[in-house]
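1. let's see this in three dimensions:
(one chain, ligands or ions: 1)
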Amino acid sequence: MMKAAVFVEPGRIELTDKPIPDVGPNDALVRITTTTICGTDVHILKGEYPVARGLTIGHEPVGVIEKLGSAVTGYEEGQRVIAGAICPNFNSYAAQDGNPSQDGSYLVPSGRCGCHGYKATAGWRFGNMIDGTQAEYVLVPDAQANLAPVPDGLTDEQVLMCPDIMSTGFKGAENANIKIGDTVVVFAQGPIGLCATAGARMLGATTVIAVDGNDHRLGISKKMGADITLNFKTCDVVDEVMRLTGGRGADSAIEALGTQATFESALRVLKPGGTLSSLGVYSTDLTIPVSAFAAGLGDHRINTALCPGGKERMRRLLAVVESGRVDLGVLVTHHYKLDDIVAAYDLFSHQRDGVLKVAIKPA
Ligand SMILES: [Zn+2]
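-> Next up, the predicted model:
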(Lines give C-alpha, C1' and ligand atoms only; values in the text may rest on other atoms or scores of the structure.)
Protein backbone atom coordinates (compact mmCIF):
# COMPACT_ATOMS: atom_id res chain seq x y z
CA MET A 1 0.00 0.00 0.00
CA MET A 2 1.00 3.63 -0.38
CA LYS A 3 -0.16 7.02 0.91
CA ALA A 4 -2.00 9.27 -1.53
CA ALA A 5 -3.84 12.59 -1.35
CA VAL A 6 -7.30 12.05 -2.86
CA PHE A 7 -10.28 14.24 -3.69
CA VAL A 8 -13.10 13.28 -1.32
CA GLU A 9 -15.70 16.02 -1.91
CA PRO A 10 -15.63 19.79 -2.55
CA GLY A 11 -13.59 21.32 0.27
CA ARG A 12 -11.91 18.03 1.18
CA ILE A 13 -8.68 16.50 -0.06
CA GLU A 14 -7.41 13.85 2.34
CA LEU A 15 -4.48 11.51 2.74
CA THR A 16 -5.49 7.87 2.42
CA ASP A 17 -4.00 4.44 1.72
CA LYS A 18 -4.19 3.00 -1.78
CA PRO A 19 -2.64 -0.04 -3.43
CA ILE A 20 0.64 0.59 -5.25
CA PRO A 21 -0.39 0.36 -8.91
CA ASP A 22 0.47 -2.60 -11.15
CA VAL A 23 2.87 -1.78 -13.97
CA GLY A 24 1.63 -2.44 -17.53
CA PRO A 25 4.00 -2.95 -20.47
CA ASN A 26 4.09 0.74 -21.45
CA ASP A 27 4.08 2.20 -17.93
CA ALA A 28 6.71 3.16 -15.41
CA LEU A 29 6.18 3.17 -11.66
CA VAL A 30 7.92 6.24 -10.25
CA ARG A 31 8.62 6.70 -6.54
CA ILE A 32 7.89 10.35 -5.87
CA THR A 33 10.68 12.23 -4.12
CA THR A 34 9.15 15.70 -4.51
CA THR A 35 5.85 17.01 -5.87
CA THR A 36 3.88 20.20 -5.41
CA ILE A 37 0.43 21.78 -5.39
CA CYS A 38 -0.81 23.71 -8.44
CA GLY A 39 -3.46 26.44 -8.57
CA THR A 40 -5.53 23.98 -10.60
CA ASP A 41 -5.48 21.58 -7.64
CA VAL A 42 -7.05 24.33 -5.53
CA HIS A 43 -9.85 24.62 -8.11
CA ILE A 44 -10.30 20.84 -7.72
CA LEU A 45 -10.32 21.16 -3.91
CA LYS A 46 -13.01 23.85 -4.10
CA GLY A 47 -15.10 21.75 -6.47
CA GLU A 48 -14.71 24.32 -9.27
CA TYR A 49 -12.97 21.81 -11.52
CA PRO A 50 -14.59 18.39 -11.25
CA VAL A 51 -12.68 15.13 -10.84
CA ALA A 52 -13.79 11.69 -9.70
CA ARG A 53 -14.09 11.07 -5.97
CA GLY A 54 -11.13 9.04 -4.73
CA LEU A 55 -8.82 10.27 -7.49
CA THR A 56 -5.23 11.01 -6.41
CA ILE A 57 -4.53 14.71 -7.09
CA GLY A 58 -1.32 16.32 -8.39
CA HIS A 59 0.45 16.55 -11.74
CA GLU A 60 4.02 17.68 -11.02
CA PRO A 61 6.31 14.66 -10.43
CA VAL A 62 9.99 14.46 -9.54
CA GLY A 63 11.09 10.97 -8.58
CA VAL A 64 13.01 7.77 -9.14
CA ILE A 65 12.06 4.91 -11.46
CA GLU A 66 10.94 2.04 -9.22
CA LYS A 67 9.77 -0.38 -11.94
CA LEU A 68 9.72 -0.21 -15.73
CA GLY A 69 7.10 -1.79 -17.99
CA SER A 70 8.36 -4.65 -20.17
CA ALA A 71 8.11 -2.56 -23.37
CA VAL A 72 9.90 0.53 -22.03
CA THR A 73 13.54 0.72 -23.13
CA GLY A 74 16.40 3.19 -22.67
CA TYR A 75 15.77 3.85 -18.99
CA GLU A 76 16.99 2.20 -15.81
CA GLU A 77 15.32 1.43 -12.53
CA GLY A 78 16.78 3.77 -9.92
CA GLN A 79 17.15 6.63 -12.42
CA ARG A 80 15.97 10.12 -11.37
CA VAL A 81 13.27 11.38 -13.71
CA ILE A 82 10.51 13.89 -14.24
CA ALA A 83 7.45 13.63 -16.46
CA GLY A 84 5.34 16.46 -17.83
CA ALA A 85 2.05 17.33 -16.16
CA ILE A 86 0.42 16.55 -19.48
CA CYS A 87 1.56 13.06 -20.40
CA PRO A 88 0.64 12.76 -24.09
CA ASN A 89 0.22 9.35 -25.66
CA PHE A 90 0.99 10.92 -29.06
CA ASN A 91 -1.64 8.66 -30.64
CA SER A 92 -4.59 11.02 -30.99
CA TYR A 93 -5.43 12.86 -34.21
CA ALA A 94 -4.74 16.12 -32.35
CA ALA A 95 -1.23 15.00 -31.39
CA GLN A 96 -0.55 13.71 -34.89
CA ASP A 97 -1.77 17.08 -36.16
CA GLY A 98 1.03 18.86 -34.27
CA ASN A 99 -0.60 19.56 -30.90
CA PRO A 100 0.86 16.87 -28.65
CA SER A 101 -0.72 18.10 -25.42
CA GLN A 102 -4.18 17.63 -26.91
CA ASP A 103 -5.85 14.25 -27.02
CA GLY A 104 -8.85 15.37 -29.00
CA SER A 105 -11.30 14.76 -26.17
CA TYR A 106 -11.25 18.04 -24.38
CA LEU A 107 -14.90 17.93 -23.49
CA VAL A 108 -15.87 14.95 -21.39
CA PRO A 109 -19.21 14.53 -19.64
CA SER A 110 -19.33 15.93 -16.13
CA GLY A 111 -22.07 16.66 -13.67
CA ARG A 112 -20.48 19.87 -12.40
CA CYS A 113 -18.90 23.12 -13.60
CA GLY A 114 -20.20 25.87 -15.81
CA CYS A 115 -19.61 24.38 -19.23
CA HIS A 116 -22.98 22.81 -20.00
CA GLY A 117 -22.35 19.46 -18.38
CA TYR A 118 -18.90 19.00 -19.85
CA LYS A 119 -15.44 19.81 -18.60
CA ALA A 120 -12.35 20.66 -20.57
CA THR A 121 -9.55 18.14 -20.17
CA ALA A 122 -7.53 18.48 -23.39
CA GLY A 123 -4.79 15.88 -22.88
CA TRP A 124 -4.30 16.46 -19.15
CA ARG A 125 -4.32 13.08 -17.39
CA PHE A 126 -2.36 13.16 -14.06
CA GLY A 127 -4.64 14.10 -11.19
CA ASN A 128 -7.50 14.67 -13.62
CA MET A 129 -8.30 11.52 -15.60
CA ILE A 130 -5.85 9.15 -13.85
CA ASP A 131 -4.25 9.02 -10.40
CA GLY A 132 -1.76 11.83 -9.87
CA THR A 133 1.49 12.63 -8.14
CA GLN A 134 0.59 13.65 -4.57
CA ALA A 135 1.40 10.14 -3.40
CA GLU A 136 4.33 7.88 -2.61
CA TYR A 137 4.18 6.39 -6.12
CA VAL A 138 2.72 7.42 -9.48
CA LEU A 139 2.17 5.30 -12.56
CA VAL A 140 3.47 7.17 -15.62
CA PRO A 141 1.55 6.07 -18.74
CA ASP A 142 3.29 5.89 -22.13
CA ALA A 143 6.56 6.12 -20.22
CA GLN A 144 8.73 5.81 -23.33
CA ALA A 145 7.36 9.13 -24.56
CA ASN A 146 7.18 10.91 -21.25
CA LEU A 147 10.07 10.10 -18.87
CA ALA A 148 12.93 12.61 -18.88
CA PRO A 149 16.12 11.89 -16.89
CA VAL A 150 17.17 14.63 -14.46
CA PRO A 151 20.75 15.79 -15.14
CA ASP A 152 23.22 15.02 -12.35
CA GLY A 153 23.76 17.81 -9.90
CA LEU A 154 20.29 19.35 -10.11
CA THR A 155 18.14 19.27 -6.97
CA ASP A 156 14.48 18.27 -6.91
CA GLU A 157 13.60 21.89 -6.11
CA GLN A 158 15.48 23.17 -9.16
CA VAL A 159 13.52 20.94 -11.54
CA LEU A 160 10.16 20.91 -9.75
CA MET A 161 8.75 23.66 -12.01
CA CYS A 162 9.58 21.82 -15.25
CA PRO A 163 6.55 19.45 -15.44
CA ASP A 164 3.96 22.25 -15.41
CA ILE A 165 4.78 25.78 -14.26
CA MET A 166 7.84 26.36 -16.41
CA SER A 167 6.49 24.46 -19.41
CA THR A 168 3.25 26.44 -19.29
CA GLY A 169 4.83 29.83 -18.55
CA PHE A 170 7.45 29.45 -21.26
CA LYS A 171 4.75 28.35 -23.72
CA GLY A 172 2.98 31.61 -22.93
CA ALA A 173 6.10 33.49 -24.01
CA GLU A 174 6.63 31.24 -27.05
CA ASN A 175 3.03 31.86 -28.12
CA ALA A 176 3.48 35.64 -27.85
CA ASN A 177 5.45 35.99 -31.13
CA ILE A 178 8.23 37.82 -29.30
CA LYS A 179 10.97 39.50 -31.34
CA ILE A 180 14.24 40.99 -30.05
CA GLY A 181 13.54 44.47 -28.73
CA ASP A 182 9.85 43.88 -28.05
CA THR A 183 7.75 45.25 -25.23
CA VAL A 184 5.78 42.48 -23.51
CA VAL A 185 3.25 42.91 -20.72
CA VAL A 186 2.66 39.90 -18.44
CA PHE A 187 -0.62 40.01 -16.51
CA ALA A 188 -0.50 38.21 -13.12
CA GLN A 189 2.72 37.15 -11.41
CA GLY A 190 1.84 33.86 -9.80
CA PRO A 191 4.30 31.03 -10.48
CA ILE A 192 3.20 30.63 -14.12
CA GLY A 193 3.19 34.37 -14.79
CA LEU A 194 6.67 34.64 -13.26
CA CYS A 195 7.89 31.92 -15.64
CA ALA A 196 6.25 33.77 -18.54
CA THR A 197 8.16 36.88 -17.46
CA ALA A 198 11.43 34.92 -17.47
CA GLY A 199 10.56 33.36 -20.83
CA ALA A 200 9.72 36.71 -22.43
CA ARG A 201 13.10 38.08 -21.44
CA MET A 202 14.92 34.97 -22.68
CA LEU A 203 13.18 35.29 -26.04
CA GLY A 204 14.50 38.80 -26.51
CA ALA A 205 11.94 41.21 -25.12
CA THR A 206 13.84 44.23 -23.85
CA THR A 207 10.94 45.83 -22.01
CA VAL A 208 9.15 43.24 -19.91
CA ILE A 209 6.33 44.81 -17.88
CA ALA A 210 4.98 42.64 -15.06
CA VAL A 211 1.52 43.37 -13.64
CA ASP A 212 0.12 42.15 -10.32
CA GLY A 213 -1.65 43.47 -7.24
CA ASN A 214 0.89 42.03 -4.81
CA ASP A 215 4.09 44.01 -4.27
CA HIS A 216 5.90 41.00 -2.82
CA ARG A 217 5.31 39.07 -6.04
CA LEU A 218 6.31 42.11 -8.12
CA GLY A 219 9.61 42.10 -6.24
CA ILE A 220 10.19 38.54 -7.43
CA SER A 221 9.16 39.58 -10.96
CA LYS A 222 12.25 41.78 -11.06
CA LYS A 223 14.44 38.79 -10.13
CA MET A 224 12.78 36.78 -12.91
CA GLY A 225 13.55 39.39 -15.54
CA ALA A 226 10.89 42.13 -15.41
CA ASP A 227 12.19 45.58 -16.34
CA ILE A 228 9.14 47.43 -15.05
CA THR A 229 6.50 46.36 -12.52
CA LEU A 230 2.98 47.80 -12.30
CA ASN A 231 0.63 47.29 -9.35
CA PHE A 232 -2.88 47.46 -10.78
CA LYS A 233 -4.18 48.64 -7.41
CA THR A 234 -2.19 51.86 -7.63
CA CYS A 235 -2.22 52.70 -11.35
CA ASP A 236 -4.26 52.31 -14.53
CA VAL A 237 -2.25 49.61 -16.28
CA VAL A 238 -3.55 50.30 -19.79
CA ASP A 239 -2.81 54.05 -19.52
CA GLU A 240 0.61 53.33 -18.07
CA VAL A 241 1.58 50.87 -20.84
CA MET A 242 0.47 53.38 -23.47
CA ARG A 243 2.57 56.07 -21.77
CA LEU A 244 5.60 53.75 -21.52
CA THR A 245 5.35 52.84 -25.22
CA GLY A 246 4.82 56.37 -26.49
CA GLY A 247 1.23 55.51 -27.41
CA ARG A 248 2.22 52.57 -29.65
CA GLY A 249 0.99 49.81 -27.36
CA ALA A 250 2.78 46.63 -26.40
CA ASP A 251 3.96 44.14 -29.00
CA SER A 252 2.38 41.36 -27.01
CA ALA A 253 0.60 40.63 -23.77
CA ILE A 254 0.57 37.39 -21.81
CA GLU A 255 -2.48 36.60 -19.68
CA ALA A 256 -1.64 34.27 -16.77
CA LEU A 257 -4.70 34.32 -14.53
CA GLY A 258 -7.92 33.48 -16.37
CA THR A 259 -10.32 36.35 -15.65
CA GLN A 260 -12.34 38.77 -17.76
CA ALA A 261 -10.45 41.76 -16.31
CA THR A 262 -6.97 40.47 -17.12
CA PHE A 263 -7.99 39.15 -20.55
CA GLU A 264 -9.61 42.45 -21.47
CA SER A 265 -6.67 44.53 -20.21
CA ALA A 266 -4.27 42.28 -22.12
CA LEU A 267 -6.23 43.07 -25.28
CA ARG A 268 -6.34 46.82 -24.55
CA VAL A 269 -2.56 47.22 -24.13
CA LEU A 270 -1.77 45.71 -27.55
CA LYS A 271 -0.41 47.59 -30.54
CA PRO A 272 -2.18 47.09 -33.89
CA GLY A 273 -1.18 43.61 -34.97
CA GLY A 274 -0.14 42.66 -31.45
CA THR A 275 -0.49 39.21 -29.95
CA LEU A 276 -2.42 38.19 -26.87
CA SER A 277 -1.02 34.94 -25.48
CA SER A 278 -3.52 33.45 -23.07
CA LEU A 279 -2.49 30.94 -20.37
CA GLY A 280 -5.31 31.31 -17.86
CA VAL A 281 -7.89 28.61 -17.26
CA TYR A 282 -11.24 30.42 -17.50
CA SER A 283 -14.27 29.36 -15.55
CA THR A 284 -16.75 31.86 -16.99
CA ASP A 285 -17.60 33.07 -20.49
CA LEU A 286 -15.38 35.86 -21.79
CA THR A 287 -16.65 39.05 -23.42
CA ILE A 288 -14.58 40.91 -25.98
CA PRO A 289 -15.59 44.59 -25.99
CA VAL A 290 -15.65 46.15 -29.46
CA SER A 291 -13.34 48.96 -28.34
CA ALA A 292 -10.70 46.57 -26.96
CA PHE A 293 -10.82 44.61 -30.20
CA ALA A 294 -10.63 47.57 -32.62
CA ALA A 295 -14.01 46.34 -33.86
CA GLY A 296 -12.24 43.36 -35.39
CA LEU A 297 -9.97 45.56 -37.53
CA GLY A 298 -6.86 45.45 -35.34
CA ASP A 299 -5.02 42.52 -36.90
CA HIS A 300 -4.70 41.14 -33.37
CA ARG A 301 -3.81 37.53 -32.71
CA ILE A 302 -5.09 35.55 -29.75
CA ASN A 303 -3.26 32.32 -28.89
CA THR A 304 -4.19 29.86 -26.18
CA ALA A 305 -2.06 27.12 -24.66
CA LEU A 306 -2.08 24.02 -22.55
CA CYS A 307 1.14 22.96 -20.82
CA PRO A 308 3.32 21.13 -23.40
CA GLY A 309 4.42 17.70 -22.28
CA GLY A 310 6.55 14.83 -23.54
CA LYS A 311 10.18 13.92 -22.89
CA GLU A 312 11.69 16.27 -25.49
CA ARG A 313 9.90 19.28 -23.99
CA MET A 314 11.09 18.21 -20.54
CA ARG A 315 14.66 17.71 -21.82
CA ARG A 316 14.72 21.27 -23.15
CA LEU A 317 13.39 22.75 -19.91
CA LEU A 318 15.91 20.74 -17.88
CA ALA A 319 18.63 22.10 -20.18
CA VAL A 320 17.49 25.65 -19.41
CA VAL A 321 17.71 24.94 -15.68
CA GLU A 322 21.11 23.28 -16.07
CA SER A 323 22.41 26.27 -18.06
CA GLY A 324 21.69 28.56 -15.12
CA ARG A 325 19.85 31.03 -17.41
CA VAL A 326 17.04 31.17 -14.89
CA ASP A 327 16.77 30.05 -11.27
CA LEU A 328 13.29 28.71 -10.59
CA GLY A 329 14.32 27.23 -7.26
CA VAL A 330 13.40 30.63 -5.76
CA LEU A 331 9.74 29.87 -6.48
CA VAL A 332 9.82 27.02 -3.93
CA THR A 333 9.07 28.97 -0.77
CA HIS A 334 7.79 26.24 1.57
CA HIS A 335 8.43 22.57 2.35
CA TYR A 336 5.96 19.99 3.69
CA LYS A 337 5.88 16.25 4.27
CA LEU A 338 3.21 14.37 2.33
CA ASP A 339 1.71 13.53 5.74
CA ASP A 340 1.01 17.26 6.21
CA ILE A 341 -0.42 17.92 2.75
CA VAL A 342 -3.77 19.14 4.09
CA ALA A 343 -1.93 21.92 5.92
CA ALA A 344 0.03 22.65 2.75
CA TYR A 345 -3.26 23.03 0.81
CA ASP A 346 -4.51 25.39 3.49
CA LEU A 347 -1.44 27.63 3.27
CA PHE A 348 -1.27 27.51 -0.53
CA SER A 349 -4.96 28.08 -1.21
CA HIS A 350 -5.03 31.13 1.09
CA GLN A 351 -1.70 32.42 -0.27
CA ARG A 352 -0.39 32.96 3.24
CA ASP A 353 3.17 33.79 4.25
CA GLY A 354 4.30 34.89 0.75
CA VAL A 355 3.86 31.36 -0.60
CA LEU A 356 4.60 30.75 -4.28
CA LYS A 357 5.09 26.97 -4.50
CA VAL A 358 5.31 24.30 -1.81
CA ALA A 359 7.61 21.28 -2.12
CA ILE A 360 5.84 18.13 -0.88
CA LYS A 361 8.05 15.17 0.06
CA PRO A 362 6.70 11.69 0.84
CA ALA A 363 9.88 10.65 2.68
ZN1 LIG B 1 -0.87 22.75 -12.88
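
2. would you pull up the residue in the chain closest to the ion?
-> Residue of the chain nearest the ion, by C-beta to the ion: C38 (3.1 Å). C-beta here means a position set from N, CA and C on the backbone, and glycine is covered the same way.

3. how many residues are close by the closest residue to Q102 other than its chain neighbours?
-> Closest residue to Q102 in three dimensions, ignoring its sequence neighbours and counting by C-beta to C-beta, 6 or more residues apart in numbering: A94, at 3.6 Å. Around A94 there are 18 other residues, counting by other C-beta atoms under 10 Å.

4. surely A94 touches D103?
-> Yes. If you go by C-beta atoms under 8 Å, A94 and D103 touch, sitting 6.2 Å apart.

5. can you list residues touching both of these two?
-> Common contacts of A94 and D103, defined by C-beta atoms under 8 Å, 6 or more residues apart in numbering, comprise G123.

6. what is the least confident helix or strand in this structure?
-> One helix or strand of the chain scores below all others by mean pLDDT, DSSP states H and E: strand 107-109, with a mean of 52.

7. so V208, which of the three states?
-> With DSSP: H, G, I helix; E, B strand; the rest coil as the basis, V208 sits in strand.

8. where does the residue sitting furthest away from the middle of the chain fall, secondary structure wise?
-> Note on the chain: the largest C-alpha distance from the chain mean falls to G246, namely 33.2 Å (C-alpha atoms, centre = their mean). G246 belongs to no helix or strand when elements are defined using DSSP states H and E.

9. now do it against G225, distance only.
-> As defined by C-beta to C-beta, to the nearest Å, G246 lies at a distance of 22 Å from G225.

10. name the residues of stretch 235-243 that are buried.
-> V237, V238, E240, V241, M242 (16 or more other C-beta atoms under 10 Å).

11. contact residues of this protein facing the ion?
-> C38, T40, D164 (C-beta under 5 Å from the ion).

12. those in helices, which ones?
-> T40 (DSSP state H).

13. ok, and the most crowded of the residues of the chain next to the ion?
-> Neighbour counts for those peak at D164, which has 27 neighbours (criterion: other C-beta under 10 Å).

14. grab the nearest non-local neighbour of that residue.
-> Spatially, and ignoring its direct neighbours in sequence, D164 is nearest to A85 (3.8 Å; C-beta to C-beta, 6+ apart).

15. can you tell me the average pLDDT over stretch 225-235?
-> The pLDDT scores in stretch 225-235 average 98.

16. would you mind measuring the gap between the ends of it?
-> By C-alpha to C-alpha, to the nearest Å, the extent of stretch 225-235 from end to end equals 21 Å.

17. contacts for that stretch?
-> 186, 197-198, 200-202, 206-215, 218-219, 221-222, 237, 240-241, 244, 265, 326.

18. now the residue nearest to I302 when sequence neighbours are not counted: how far from I192?
-> Leaving aside its sequence neighbours, I302 sits nearest to L276 (C-beta to C-beta, 6+ apart; 4.7 Å). Between L276 and I192 the distance is 16 Å, computed by C-beta to C-beta.

19. who's more crowded, these two?
-> I192 (29 against 25).

20. now what about the host helix or strand of that one, what contacts it?
-> Following DSSP H and E, one finds I192 within helix 191-202. If you take C-beta under 8 Å, 6+ apart as the criterion, helix 191-202 is touched by 39, 161, 165-166, 168-170, 172-174, 176, 178, 182, 184, 186-187, 189, 208, 210, 212, 217, 220-221, 224-226, 254, 256-257, 277, 279, 320, 325-326, 328, 331, 356-357.

21. quick one: whichever strand or helix holds I360 to helix 191-202, angle?
-> Using DSSP H and E, I360 maps to strand 357-361. If you take axes from the mean of the first three to the mean of the last three C-alpha atoms, to 10 degrees, strand 357-361 sits at 110 degrees to helix 191-202.

22. in strand 357-361, what counts as buried?
-> By 16+ other C-beta under 10 Å, the buried positions in strand 357-361 come out as K357, V358, A359, I360.

23. ok, stretch 85-105 next?
-> Buried residues in stretch 85-105 (16+ other C-beta under 10 Å): 85-90, 92, 94-95, 99-103.

24. likewise stretch 314-326?
-> For stretch 314-326, burial by neighbour count (16+ other C-beta under 10 Å) applies to M314, L317, L318, V320, V321, V326.

25. okay, now the unreliable bits of this structure?
-> Where the chain drops to pLDDT under 70, the residues are 104-122.

26. still on that earlier bit, nearest to G78 among the residues of the chain next to the ion?
-> Using C-beta to C-beta, D164 is the member of the residues of the chain next to the ion that lies nearest G78, at 24.8 Å.

27. now for that closest one: which residues touch it?
-> Contacts here follow C-beta under 8 Å, 6+ apart; on that basis D164 touches C38, H59, E60, G84, A85, C307.

28. quick check: the farthest pair among the residues you listed?
-> Greatest spatial distance in the contacts of D164: C38 and G84, 12.8 Å, computed using C-beta to C-beta.
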